[in-house]
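[1] whatever this is, show me its structure:
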Amino acid sequence: MLIERAWAMPNKNTFSIKPIKQLLIEEVDNKSNLWIDPFANNKWGNITNDLNPEYDTDYHLDALDFLIYFENESVDGVLFDPPYASRQVSECYKGFGYKVTNKTTQASFWGNLKKK
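    Down below sits the predicted model:
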């Protein structure tokens, strides 16, 4: 795979940004591999989840609860695009009764979870 640097206008829907969308089309859209998406306000993954029940996803769980369903190395990839900004975290979680704390609104919170 050749990776090239490209500039694109930011968008709250990361997967709609042109170079990212193109990468997804090339690498994920073939559906021959198992891709899961724990924050899927889109339909790129084979198995999708979003806390918001208004989104047409397979599950409506907290992302970490969703990821527990899958054994290590049982999927080919995870489309990991959580709400990073504290405003996004508040908007996503407070409306569904989840406690939003100083810890969960820190920029490093989701990044540190990826390392687990």
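[2] phi, psi of the closest residue to residue 79 other than its chain neighbours?
    Distance criterion CB to CB, 6 or more residues apart in numbering; nearest residue to residue 79, sequence neighbours excluded, is residue 37 at 4.2 Å. Glycine gets a C-beta too; all of them are placed from N, C-alpha and C. Phi and psi for residue 37, reported as degrees, to the nearest 10, are phi -130, psi 100.
[3] separation between residue 37 and residue 55?
    11 Å (CB to CB, to the nearest Å).
[4] neighbour count: those two, which is higher?
    More crowded of residue 37 and residue 55, by other CB atoms under 10 Å: residue 37, with 26 against 15.
[5] beta partners for the more buried one?
    Judged by DSSP bridges, the bridge partners of residue 37 are residue 48.
[6] that one contacts residue 59, correct?
    No. Assessed by CB atoms under 8 Å, residue 37 is found out of contact with residue 59, at 10.1 Å.
[7] need the residues touching each of the two.
    Here residue 37 and residue 59 have 47, 48, 49 as joint contacts, going by CB atoms under 8 Å, 6 or more residues apart in numbering.
[8] give me the nearest residue to the residue nearest the centre of the chain, chain neighbours excluded.
    The residue lying closest to the centre of the chain (CA atoms, centre = their mean) is residue 81, at 3.1 Å. Distances taken as CB to CB, 6+ apart put residue 14 closest to residue 81, at 4.8 Å, once the chain neighbours are dropped.
[9] need the pLDDT of that neighbour.
    Per-residue pLDDT puts residue 14 at 88.
[10] give me the neighbour count for it.
    16.
[11] check residue 50 too.
    Around residue 50 there are 22 other residues, counting by other CB under 10 Å.
[12] and it, what does it touch?
    Contacts of residue 50 by CB under 8 Å, 6+ apart are 39, 40, 41, 57, 59, 60.
[13] sec struct for the residue of the chain most remote from its centre, please.
    Distance from the centre of the chain peaks at residue 2, with 23.2 Å (CA atoms, centre = their mean). Under the three-state scheme (DSSP: H, G, I helix; E, B strand; the rest coil), residue 2 adopts coil.
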